[in-house]
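A.B. asks: mind folding the following:
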Amino acid sequence: MNSPMNSRPPRLGRLALGLTLVAAALVGGALTAHAVTTRSFEIDAQGTFAAGELARAAAFSDGTVRASVDVRRLPLTDTPVAWSIARAADGTTYIGTGNEGKVWRLRGEQLAVFAETGQLVVSSLALADDGTLYAGTLPGGKIYAIDTRATAPVTARELARPAAAEHIWALAWDARRRTLFAGTGPEGKVFAVSPQGQADVWLDSEASHVMSLALDTDGALYAGTSDGALVIKISAANRSEVLFDLLGTEVDALVVSAGTLVAAANDFAEPPGAGAAPSVPTPATSARGAPPRPRAGKGKIFRLDQDGRADLLLTSDDGHFTSVELADDGTIYAGAGKDGRIHRILPDRSTATWIDVDERQVLAIDLVSSDPVFVTGDVAAVYRVVPGTPTNAEWTSKVLDAGFRARFGQLDFRGEGTLALQTRSGNTERPDTTWSEWSAAASAPGPVRSPAARYLQVRARLGTSATVLRSVTAYYLPQNQRAFVREVTMASHRAARPADAAATADDVPAPSSQYRVTWKIENTDGDRLRYRVAFRSEMRGTEQPVWREMLRESEIHTRLEHTWETSGVPDGWYRLRVRATDALSNPTPYVLDHTAESGPVLVDNHAPRIDGLTQSGNTLRGRAIDDASPIAKLELSVDGGEWQMFFPEDDLLDTLAESFVVDLGTLGLAAGTHLVAVRATDSGGNPVSADATVRVTATAPAGNAPAGRRR
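C.D. replies: All right, here's what the predicted structure looks like:
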């Protein structure tokens, strides 16, 4: 059974796992939340029950949890992965493993290494009727023969090395032909291998890999391929035809009985190039040097009939299938490459998550014999299925996330028979020593007996083989979360320059008394927020203590900005304050708020003035003065002509008062009387102009710079 720690890492595909081992040898939630209100965790369907952990229990497609079977684990010491199995008539089980290419033997209760190939992985096994055990390996694409009558330990004898084969993915022994068939990659061939080791091409497909083989009683051989999920039939007369295109990337398992096939078709990310090994997760390259494929995949189980009908029986969107079996009564078992599961499909198409173990992958199964067994990867183990229906089945929910610390309410459940439910809680995503202990068992609905926390787990014990669990509901009240106001800023309603561009005289805006106040919000629980906006003046270094509201008390403002009309506000420096409250979403006792202030912001709605505009000889002097913001632009116009910018005496526009001197003789004016206008604009975009009638007595050539330098 699974531990309650709920800590399994991501799974790898069957072929992915194989090439991961090859590479190793060669190289070395968004939380949707709303206002504080009572919520509940609802568990009442196969998917929600199966998301938890099952010990001697199964999650059925009718939305119930009932007892299934018990299993007994036999570890393969210091072995990472048990990949393949073959069964003898007397129940002896042979297990192909990695990553030292050993074959283990389980006879009775004795489990030990039986033979060694010297390769990395024994990826496939087939047992002949004469007692010869054939082992396919990778990398290197070798086939070994092992005499099962020999005394262990046995050194496997290399039988064949099919041409251009680097991976032996599947083996099938044909007793009538006295021939071993081998599905290989990366050239998608099936070889017919004689007991003497002669390997001849039996099928040369357009696929990159032949991943699976199944031999029917009439002599027909079926092959499943990648990188297109094809099922190919090869008749006894060695005529081949594609029977099905299952619209995936690989058919990883096939089984056939009297013309009816069952296929495990998986869909992995598209391969990066032709011939690349499918579903390879390692960052190293594949054996052919092609880039690896992503490791995530989806799986489907199909029942395939000779008339061309493909019935989809089971779908997994978050994991793939590694193995399939078909019982005489039509029951199908499928091993999964995620969460250590075996699924059962009955002839009426009802399904169950039937077996759940700690290891991440179930890689090979034999559940239809009188002594059912299966093997796992990560780490390797053999499991025996214990006869009979257990009376101590147990289901544990996945870790249920309230999003925030929560108070738990009623625990409600429905079912029949002897049910006992417990809970525990904690504040870490995976249960650890900081979590509470499991609560006392409850046989009837009642309050959750675990302390307030973010996470909750529920466990149900089924006291008899007839007990049924139909639904579980746990109510909770999440703690309200404070929304935080960030980055209160203000800008006038004018065209803006890029944020990283330096200001120039050309950037002086058009005047406006409307300023746009904006702010940002961190609102982790998604409450509807109301905002209040206020201002106060900074008076010569001493803050005026009175905050003045911009909005009426009755106004419900929910946008992240506000337009401040400042025409009735004196020029000067101000600070802005924004207060956010979640009162629109929560009862009064739970309301939270937060306030943030801006830095100092300048309001400047009044134009500067021009003082002392006088002429002395051919020189025009004056001074532009503003009470709030620096002078940003100086311009002059002669006789109603175009405005031309010029600089102040020190060439810098950087203070509230700027003196300027204009040499009229450099303007190219004819001698005589002229009307000269000077315009000054402050940083707020407010302009002022003054004019003077001047008499020019002598001129210089146009373009010579005056004292007030033009641009």
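A.B. asks: what are the structural domain limits within this structure?
C.D. replies: 113-354, 484-603, 609-696 (automatic domain parsing).
A.B. asks: tell me the strands beside the longest strand seen in the chain, with direction?
C.D. replies: Using DSSP state E to define each element, the chain has its longest strand at strand 400-416. Its sheet considered, strand 400-416 pairs with strand 446-447 (antiparallel), strand 453-462 (antiparallel), strand 468-478 (antiparallel) by DSSP bridges.
A.B. asks: save the ones you listed as CSV, and put in distance to Trp83 too.
C.D. replies: Bear in mind the C-beta positions are built from the backbone N, C-alpha and C, glycine included. Output for the strands paired with strand 400-416, formatted as CSV (distance: least, Cβ to Cβ, whole Å):
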stretch, distance to Trp83
strand 446-447, 48
strand 453-462, 34
strand 468-478, 35
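A.B. asks: among those, which comes closest to Pro387?
C.D. replies: strand 453-462 (18.7 Å; Cβ to Cβ).
A.B. asks: give me the mean pLDDT for the closest one.
C.D. replies: Regarding strand 453-462, the rounded mean pLDDT is 98.
A.B. asks: one more: stretch 693-711?
C.D. replies: For stretch 693-711, the mean confidence score works out to 60.
A.B. asks: do the same with stretch 133-141
C.D. replies: Here the average pLDDT along stretch 133-141 is 96.
A.B. asks: likewise stretch 261-272?
C.D. replies: pLDDT averaged over stretch 261-272 gives 81.
A.B. asks: before we move on, what about stretch 633-651?
C.D. replies: In the prediction, stretch 633-651 has an average pLDDT of 93.
A.B. asks: and if you look at stretch 221-239?
C.D. replies: Rounded mean pLDDT across stretch 221-239 is 91.
A.B. asks: quick check: end-to-end length of it?
C.D. replies: Using Cα to Cα, to the nearest Å, one end of stretch 221-239 lies 10 Å from the other.
A.B. asks: and it, how far from the chain's centre?
C.D. replies: Between the centre of stretch 221-239 and the centre of its chain there are 36 Å (Cα atoms, centre = their mean, to the nearest Å).
A.B. asks: what of stretch 556-568?
C.D. replies: That offset, for stretch 556-568, works out to 39 Å (Cα atoms, centre = their mean).
A.B. asks: cool, and stretch 673-683?
C.D. replies: 64 Å.
A.B. asks: let's see it as CSV, backbone CA atoms only.
C.D. replies: Taking Å, rounded to 0.1, in the frame of the first residue of the first chain, the C-alpha atoms of stretch 673-683 are listed here in CSV:
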residue,chain,number,x,y,z
THR,A,673,10.9,98.7,-34.6
HIS,A,674,9.8,95.1,-33.9
LEU,A,675,7.4,93.3,-31.6
VAL,A,676,9.2,90.6,-29.6
ALA,A,677,7.2,88.0,-27.5
VAL,A,678,8.8,85.8,-24.9
ARG,A,679,7.0,82.6,-23.6
ALA,A,680,8.0,80.6,-20.6
THR,A,681,6.5,77.2,-19.7
ASP,A,682,6.9,75.4,-16.4
SER,A,683,7.3,71.7,-15.8
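A.B. asks: what comes up buried for it?
C.D. replies: 674, 676-683 (16 or more other Cβ atoms under 10 Å).
A.B. asks: try stretch 199-219
C.D. replies: Buried residues in stretch 199-219, counted by 16+ other Cβ under 10 Å: 199, 202-203, 205, 207-216.
A.B. asks: before we move on, what about stretch 436-454?
C.D. replies: 436, 438-439, 442, 448-450, 452-454.
A.B. asks: taking these together, which two end up most distant?
C.D. replies: Farthest-apart pair in the buried residues of stretch 436-454 is Ala442 and Arg454; separation 22.0 Å (Cβ to Cβ).
A.B. asks: just to revisit the earlier point, tell me the helix or strand right after the longest strand of the chain.
C.D. replies: Per DSSP states H and E, the first helix or strand lying C-terminal to strand 400-416 is strand 419-426.
A.B. asks: quick one: that next one to strand 400-416, angle?
C.D. replies: 170 degrees (axes from the mean of the first three to the mean of the last three Cα atoms, to 10 degrees).
A.B. asks: next secondary structure after the worst-scoring helix or strand of the chain on mean pLDDT?
C.D. replies: For the chain, using mean pLDDT, DSSP states H and E, the weakest element among its helices and strands is helix 14-27, scoring a mean of 42. Using DSSP H and E, the helix or strand that follows helix 14-27 in sequence is strand 39-43.
A.B. asks: mean pLDDT lowest for which of the domains of the chain?
C.D. replies: Across these, domain 484-603 has the smallest mean pLDDT, namely a mean of 84.
A.B. asks: partner strands of whatever helix or strand Glu241 lives in, parallel or antiparallel?
C.D. replies: Per DSSP H and E, Glu241 falls inside strand 240-245. Under the criterion DSSP bridges, strand 240-245 sits next to strand 230-234 (antiparallel) in its sheet.
A.B. asks: got the contact list for the strand it pairs with?
C.D. replies: For strand 230-234, contacts defined as Cβ atoms under 8 Å, 6 or more residues apart in numbering pick out 190, 202-203, 205, 207, 220-225, 240-246, 251, 254, 261, 263, 304.
A.B. asks: and those, which of them are buried?
C.D. replies: The buried subset of the contacts of strand 230-234 - by 16+ other Cβ under 10 Å - is 190, 202-203, 205, 207, 220-225, 240, 243-244, 246, 251, 254, 261, 263, 304.
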